[in-house]
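Peer 1: predicted model, plus sequence, below.
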Amino acid sequence: MDLGLPEESVALGDMFRRLFETESSAARVRAAEADHDGFDANLWRMLAELGVPLMRVCAPDGGSGLSLLDATILLEEAGRRLAPVPLAEIIVATALIARSGAPEAAGWLEAIGRGEKLVSIALTPVERGTEQMVMAASVADAIVALEDERLTLFVQSGRRQPLAMIAPGAVGWFEPDGERVILLEGDDAVAAFHAAVEEWKLLSSAALIGLSDQALTMAAEYASERTQFGQIIGTFQGLSHPLADCVVEIDGARMFLRWILTALRGGDPAEAGASIDQLWWFVNKAATRTVAHSLHVFGGYGLSNEYDIQLYHRRAKLLGLMLGDPELALERAGRRLYLGEPAHLPEPGAVTLDFAPSADAQALADETRAKFEDILTPELRSKAHHSFEGHDWGVSRAMGEAGLLFPAWPRRWGGRDASAEAARAALDVWETMPWTINPQGTSNLVGQIIQAFGTDQLKNEVLPRLGRGEITAALGYTEPSGGSDVFGARTRAERDGDGWIINGQKMFTSGAEWASYALLITRTDPDLPKHKGTTLFLVPLDAPGVEIHPIFTFMDERTNATFYSEVRIPDHYRLGEVNGGVKVLAAALQMEQGGTSYYHNQRDMARKAIAWARSATRGGKPALDDDRLLARIARTHAHARIGEALGARTAWVAAQKLPDLAYGPAAKIFITETYITDAADLMDLTAPASLVRGRAGLGVIEEGYRHSTATTIYAGTSEVLRSMVSERRLGLPRSRA
């Protein structure tokens with residue numbers, strides 16, 4: 001896996017960021033708007049001098065042959081500054097001309113490259129006698145369009161009147177008439193045109209991502225300065241949390257876009273084509289929400305023409321709706337995914353990004369899968385569950401003996417010394433088998449904390465048995481009155497000679513009925529501030545004074561209340577310094593909040609829903625004839641792909657030891673929130689059959705509906721994680737006391 005941009009792509013992005021900051025300032029954008037056409041001729045000529053119009057044209061035809069990745073980086077920077085030049089249209093139209101064998105094509109390319117001519121594209125096939133809105137039609141010298149299976153360059157005889165739009169974009173009506181240059185004919189023409197439109201969606205998506213990103217930056221800056229009711233408004237969670245959701249969605253769109261580029265290079269064409277439409281639907285929804293809330297942050301001032309945020313609010317719709325209702329794209333994605341509707345795809349060029357595991361990681365994943373295939377009998381497979389209820393000691397020991405239980409651990413503790421990437425690939429197999437992963441995940445976290453903060457005596461006592469799969473561990477964080485405020489722990493640990501006495505209660509100690517130890521947060525100095533007076537211990541759950549009481553949930557999960565009455569433990573069970581619990585717990589929470597993999601559940605629910613639809617009927621017709629039904633299933637599929645891409649970014653950033661900007665919390669917010677909405681929607685979609693409980697078919701959706709409810713609570717509630725995202729990503733002030 002390699003999610004880093006090539007150095008030359010980073011340099012290109014930096015160059016255009018500086019250029020657009022200067023040459024597409026708010027004043028320049030406003031000046032272009034004042035002319036009603038929203039076009040800056042000086043910026044166009046400057047970009048032409050830099051070779052931008054021909055950037056996707058190969059070198060023999062006079063272009064630079066840059067990759068689609070580089071083109072999206074350029075468009076993101078252009079979107080960030082609302083560049084008043086129709087770049088996406090120009091780039092794809094020029095590339096189409098370059099594919100032509102017409103004798104006039106070379107002359108047009110030369111003139112475009114010199115900035116003397118400008119071309120745009122009609123995004124849907126045209127017919128004589130009908131008009132179509134075209135971006136830049138009022139300033140273009142020619143329009144590329146598909147007419148009767150002929151890719152044609154329509155030369156404009158004069159300037160057209162720009163339409164008064166929500167935001168100026170030199171948009172005008174185009175009717176196929178006048179002088180024509182035939183570029184391509186037949187199947188080649190149809191394929192080239194539709195591939196160009198797909199590329200336009202990707203480039204325009206990048207522009208919407210950049211636009212939205214800048215709107216968020218502007219909103220965060222304002223929210224960090226403006227005071228109301230005696231406080232900086234950025235401390236209000238009602239304001240900061242929606243901004244955090246917008247950050248997550250725009251990040252998701254960017255990672256989805258980059259995943260699509262890798263899929264175009266060598267993935268499944270049907271899924272790649274569907275993904276472009278899913279992205280186009282998703283980025284429009286995310287951008288609309290982002291600019292709306294960003295403007296809302298400014299209050300009444302955001303409505304004023306004097307403030308720049310309204311420029312972003314209006315431009316988002318201009319960029320997003322030139323191809324029509326984005327919901328139609330989601331319907332087309334459903335047909336591409338589930339009915340095999342073909343898609344003509346653009347050539348991405350060089351793509352160094354890679355979401356796939358490395359060869360070593362894939363080898364470890366393959367070995368893990370083979371081990372599971374060997375040991376999982378039909379009876380064990382039926383036992384698998386999304387909670388600790390599916391734990392099996394035989395499977396645990398078999399994986400431990402093979403060194404596959406905690407592959408990233410050192411060999412001396414039963415691991416493989418595997419890289420973080422390889423361990424992630426191997427653990428993915430647990431989800432896709434599927435096999436119960438909760439005991440492994442919790443024990444892995446506790447084991448890593450012991451390795452980082454435990455005494456040698458504690459390591460030698462606990463780690464070998466954990467590594468061999470002979471024991472498990474649980475987390476003792478939450479208390480009846482504390483909820484997510486883990487540093488507000490009241491469970492007391494007091495010195496007793498060379499040891500400690502613990503008294504208190506913990507709630508939701510899931511897996512305690514299986515576990516030999518619990519990682520316990522205790523208060524060791526009640527006179528210190530709550531963040532400074534805590535200490536963590538590993539408490540043996542078979543110690544005198546420990547009681548475990550079951551709590552059963554409607555998700556078919558057992559959790560526990562655990563009670564500690566005069567529990568005596570030696571000091572070597574302490575983790576970290578006395579009153580140094582903040583450091584230990586911060587490490588533990590970072591691991592626990594490093595994202596999640598519920599996107600596997602979403603993908604499985606989508607598979608079950610489409611399997612149901614293949615035999616179901618709606619209004620006497622096959623359910624698969626209903627585009628809206630396909631779109632709703634495709635929406636879940638898209639959310640799963642975006643969640644997976646966000647999770648990959650979390651793992652890659654951690655492996656590269658890059659600054660942590662709450663990427664894990666962002667991934668968890670997106671995955672769990674969409675898991676809840678998707679499970680509810682698919683249950684509605686497939687009702688009433690979805691009401692029947694079971695472990696197969698639509699029962700997976702019913703179980704997912706119940707299971708999903710708790711996922712925004714596990715490992716930190718979404719509200720806590722949103723505060724982390726708004727503070728680390730947007731620089732907003734702390735919103736928690």
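Peer 2: Arrived safely, thanks for sending.
Peer 1: got the phi and psi for residue 618?
Peer 2: Backbone geometry at residue 618, expressed as degrees, to the nearest 10, gives phi -130, psi 120.
Peer 1: quick check: closest non-adjacent residue to it.
Peer 2: By the measure of CB to CB, 6 or more residues apart in numbering, the closest residue to residue 618 outside its immediate chain neighbours is residue 626, 5.4 Å from it. Any C-beta I mention is one placed from the backbone N, CA and C, and that applies to glycine too.
Peer 1: give me the domain ranges for the protein.
Peer 2: 7-192, 359-436, 473-588, 599-730 (automatic domain parsing).
Peer 1: looking at this structure, which helix or strand is least sure?
Peer 2: Lowest mean confidence among the helices and strands of the chain (mean pLDDT, DSSP states H and E): helix 581-592, at a mean of 82.
Peer 1: immediately after that helix, which helix or strand?
Peer 2: helix 599-613 (DSSP states H and E).
Peer 1: packing partners of that next one?
Peer 2: Packing contacts for helix 599-613, counted by 3 or more CB pairs under 8 Å, 6 or more residues apart in numbering; DSSP states H and E, involve helix 420-432, helix 627-655, helix 663-685, helix 699-708.
Peer 1: neighbouring contacts of that helix?
Peer 2: Contact partners of helix 599-613, identified using CB atoms under 8 Å, 6 or more residues apart in numbering, comprise 338, 386, 428, 431-432, 434, 623-624, 629-630, 633-634, 636-637, 639-641, 643-644, 647, 671, 674-675, 678-679, 682, 685-686, 689, 697-698, 700-701, 704, 707-708.
Peer 1: so, low pLDDT: which residues of the protein?
Peer 2: Counting by pLDDT under 70, the chain has low-confidence residues at 36, 482-484, 593-595, 736-737.
Peer 1: report the central residue of it.
Peer 2: residue 252 (3.0 Å; CA atoms, centre = their mean).
Peer 1: need the contact list for that residue.
Peer 2: Applying CB under 8 Å, 6+ apart, we find residue 252 in contact with 282, 286, 642-643, 645-646, 670.
Peer 1: next one: phi and psi at it?
Peer 2: phi -60, psi -40.
Peer 1: please report how far it lies from residue 258.
Peer 2: With distances taken as CB to CB, to the nearest Å, residue 252 is found 11 Å from residue 258.
Peer 1: so what sits against both of these two?
Peer 2: Joint contacts of residue 252 and residue 258 (CB under 8 Å, 6+ apart) are residue 645.
Peer 1: does residue 520 count as helix, strand or coil?
Peer 2: strand (DSSP: H, G, I helix; E, B strand; the rest coil).
Peer 1: so who does the nearest residue to it once chain neighbours are set aside touch?
Peer 2: Nearest in space to residue 520, with sequence neighbours left out and distances taken as CB to CB, 6+ apart, is residue 476 at 4.1 Å. For residue 476, the contacting residues are 491, 506, 509, 518-521, 539, 562, by CB under 8 Å, 6+ apart.
Peer 1: same check, this time on residue 465
Peer 2: 471, 516.
Peer 1: repeat for residue 578
Peer 2: 524, 535.
Peer 1: please confirm that it is located within a helix.
Peer 2: No - judged by three-state DSSP, residue 578 forms no part of a helix; its state is coil.
Peer 1: tell me the spacing between it and residue 446.
Peer 2: Separation of residue 578 from residue 446 (CB to CB): 20 Å.
Peer 1: just residue 520 next, same as before
Peer 2: Applying CB to CB to residue 520 and residue 446 gives a distance of 11 Å.
Peer 1: residue 156 and residue 138 touch, don't they?
Peer 2: No - with contacts counted by CB atoms under 8 Å, residue 156 stays clear of residue 138, the gap being 9.5 Å.
Peer 1: when the two are compared, which one has more neighbours?
Peer 2: residue 138 (24 against 20; other CB atoms under 10 Å).
Peer 1: the more buried one - that's part of a helix, no?
Peer 2: No - using three-state DSSP, the assignment for residue 138 is coil, not a helix.
Peer 1: now the longest helix anywhere in the chain: buried residues?
Peer 2: In terms of residue count, the longest helix belonging to the chain (DSSP state H) is helix 186-223. Residues 189-190, 192-216, 218-220, 222-223 are the ones in helix 186-223 that count as buried (16 or more other CB atoms under 10 Å).
Peer 1: how far away is the residue lying farthest from the centre of the chain from residue 531?
Peer 2: Taking CA atoms, centre = their mean, the residue of the chain most remote from its mean C-alpha position is residue 497, at 51.2 Å. As for residue 497, its distance to residue 531 is 28 Å (criterion: CB to CB).
Peer 1: what of residue 238?
Peer 2: 25 Å.
Peer 1: neighbour count for these two, which is higher?
Peer 2: The neighbour comparison of residue 238 against residue 531 (other CB under 10 Å) goes to residue 531, with 13 against 8.
Peer 1: touching, the more buried one and residue 487? I think so.
Peer 2: Yes - at 5.0 Å, residue 531 and residue 487 qualify as touching, with contact defined as CB under 8 Å.
Peer 1: residue boundaries of the strands in the stretch 401-550 of the chain?
Peer 2: Remark: strands assigned in the stretch 401-550 of the chain by DSSP state E, counting those that start in this stretch are 473-476, 492-496, 499-506, 517-523, 534-540, 546-552.
Peer 1: give me whichever of those is most buried.
Peer 2: Here the criterion is mean neighbour count by mean count of other CB atoms under 10 Å, and of those the winner is strand 473-476, at a mean of 28.
Peer 1: what are the pairing partners of that strand, and which direction each?
Peer 2: strand 517-523 (parallel) (DSSP bridges).
Peer 1: show me where the stretch 151-300 of the chain has strands.
Peer 2: Here the stretch 151-300 of the chain has its strands, by DSSP E, counting those that start in this stretch, at 172-174, 180-185, 227-228, 231-232.
Peer 1: which residues does residue 539 contact?
Peer 2: Applying CB under 8 Å, 6+ apart, we find residue 539 in contact with 476, 502, 517-518, 520, 546, 564, 567, 569, 573.
Peer 1: which one of the residues you listed is nearest residue 726?
Peer 2: Distance to residue 726 across the contacts of residue 539 (CB to CB) is lowest for residue 476, with 29.0 Å.
Peer 1: the closest one and residue 538, how far apart?
Peer 2: From residue 476 to residue 538 the distance is 10 Å (CB to CB).
Peer 1: tell me the spacing between the closest residue in space to residue 447 that isn't next to it in sequence and residue 386.
Peer 2: Spatial nearest neighbour of residue 447, chain neighbours left out: residue 466 (5.0 Å); criterion: CB to CB, 6+ apart. Noted for residue 466: a distance of 22 Å to residue 386, by CB to CB.
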